[in-house]
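Trainee: sequence? don't have it. structure:
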């Protein structure tokens, strides 16, 4: 028997099947459309996503006996559907969408930070729901004819007929109280969202229902699933996923830590009737996409993999620092007025130095988030578990270890998001018997240890911070 996971992402849906040792048995993937009706608007067709999920599920599990099925998903994307027909009543509004910026401008953000653990931004799904309801759907919603869910909830409804969500996804709506793990009446009132449309909040790991005899037994937002798949089960254990942007999550234990240093407080996971495990999250907007920019906009490399070779033509950055604030700075700064800079240029700097500065930008941005996490949590990072496409760059991984002054560790199974969802589902059905078994499955593929002089480490970080300061106040308010 095997455990499977639906990994429903921003651009595609996948189904991956794992054996008891956590090895991949089969994979299926289908993309779906990205719909951009106006500048700043991003939409998905939830029916198209469901069709893709059905396809990959059938393909990946064909002929296999599945003991448990978990779901991991793009977070914050909002779906509304008809309770009777099960069909979407409007396009899903995706997490990147910024159409609610004017809606939230007049709201008090402090209540959301205190109760939900989140800043009031367009990123989260609550304001998206309000926007949709205000455009002809409110009366139907208040009569209970329309249901809301993030993508996990939508898929569980289609698979089992139950209207539920898990605590990790609920914690990204601005509507759940991070302390009580329940929908909060004051937050709902502030957003203008009726309770009648909301799903029931359940643990991340339990049997929600069955699809063609397969137990649907877990749901986790994608970054929380990666935390679980990396077996970061103890406070202080931290993972970072390196893709177009990067997301760091630190396990902070059984109590939520409200950030005072620019991070997000979120639920990491909840197993059955046990207590929730919380996490701090730091989001970096531009990491892998900076390498793509160097390739596509400047033409200094012809493929992303070439950046490592180019950066190795020099021994250091030549005094050059690149802060990729292309659309502002995310955690821990949250400065929308910032724009990117390349600082420290001299006639000595060549394209090799620029390539190294591009890689170092990811490492320095990671250190900023790690320092904020350490300050918020009162914990000291002792190692960093990494996953995502950028981890194939060995020079970047060594640079991370040097800048952070901790070991950087890459696991054998890189599909940690899907693996985390499969693990949580398998725990709920008894396919795996506990966290110790999952830890035993985790195996190190590579490890990088710090190897630079401490004086150089701190000097370069000071220079990085000087470069960051020069990005601020670039966009002037009208």
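Mentor: Yep, that arrived. Treat the numbers as computed from the prediction; the structure is a model and nothing was measured.
Trainee: quick one: low-confidence parts of the chain?
Mentor: The model of the chain has pLDDT under 70 over residues 477-478.
Trainee: Domains in it, by residue range?
Mentor: Domain assignment for the chain by the TED database gives 2-202, 231-477.
Trainee: neighbours of residue 5, just the number please.
Mentor: 31 (other C-beta atoms under 10 Å). C-beta coordinates here come from the backbone N, C-alpha and C atoms, glycine included.
Trainee: Span of stretch 79-92 from start to end?
Mentor: 5 Å (C-alpha to C-alpha, to the nearest Å).
Trainee: mind checking how far it is from the chain centre?
Mentor: Here the centre of stretch 79-92 is set off from its chain's centre by 25 Å, with C-alpha atoms, centre = their mean, to the nearest Å.
Trainee: Only the buried residues of it, if you could.
Mentor: 79-81, 83, 88-92 (16 or more other C-beta atoms under 10 Å).
Trainee: Can you tell me what sits against it?
Mentor: The contact list for stretch 79-92 (C-beta atoms under 8 Å, 6 or more residues apart in numbering) reads 35, 43-47, 49, 77-78, 129, 132, 135, 137, 140-141, 144-151, 153-154, 157-158, 197.
Trainee: Give me the buried entries from those residues.
Mentor: 43-44, 46-47, 49, 77-78, 129, 132, 137, 140-141, 145-151, 153-154, 157-158, 197.
Trainee: tell me which element residue 365 is part of?
Mentor: Residue 365 belongs to helix 351-377 when assigned by DSSP states H and E.
Trainee: Serialize the domains of the chain to a markdown table and add fields for distance to residue 221.
Mentor: Below are the domains of the chain laid out as a markdown table (distance: least, C-beta to C-beta, whole Å):
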| stretch | distance to residue 221 |
| --- | --- |
| domain 2-202 | 4 |
| domain 231-477 | 8 |
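Trainee: Which one, of those, ends up nearest to residue 219?
Mentor: If you check each of those against residue 219 by C-beta to C-beta, domain 2-202 wins as the nearest, at 4.0 Å.
Trainee: chain center to the closest one, what's the gap?
Mentor: That offset, for domain 2-202, works out to 14 Å (C-alpha atoms, centre = their mean).
Trainee: Report the separation between the two terminal residues of that domain.
Mentor: OK, domain 2-202 end separation, C-alpha to C-alpha: 24 Å.
Trainee: How about stretch 420-438?
Mentor: 10 Å.
Trainee: Kindly provide the distance from residue 424 to residue 6.
Mentor: Going from residue 424 to residue 6 by C-beta to C-beta, to the nearest Å gives 12 Å.
Trainee: Likewise for residue 146?
Mentor: Residue 146 is 24 Å from residue 6, by C-beta to C-beta.
Trainee: one step back: who has more neighbours, residue 424 and residue 6?
Mentor: residue 424 (35 against 30).
Trainee: and the more buried one, helix, strand or coil?
Mentor: With DSSP: H, G, I helix; E, B strand; the rest coil as the basis, residue 424 sits in helix.
Trainee: Skip the chain neighbours and tell me the closest residue to it.
Mentor: Using C-beta to C-beta, 6 or more residues apart in numbering and skipping residues adjacent in sequence, the residue nearest residue 424 is residue 218, 3.6 Å away.
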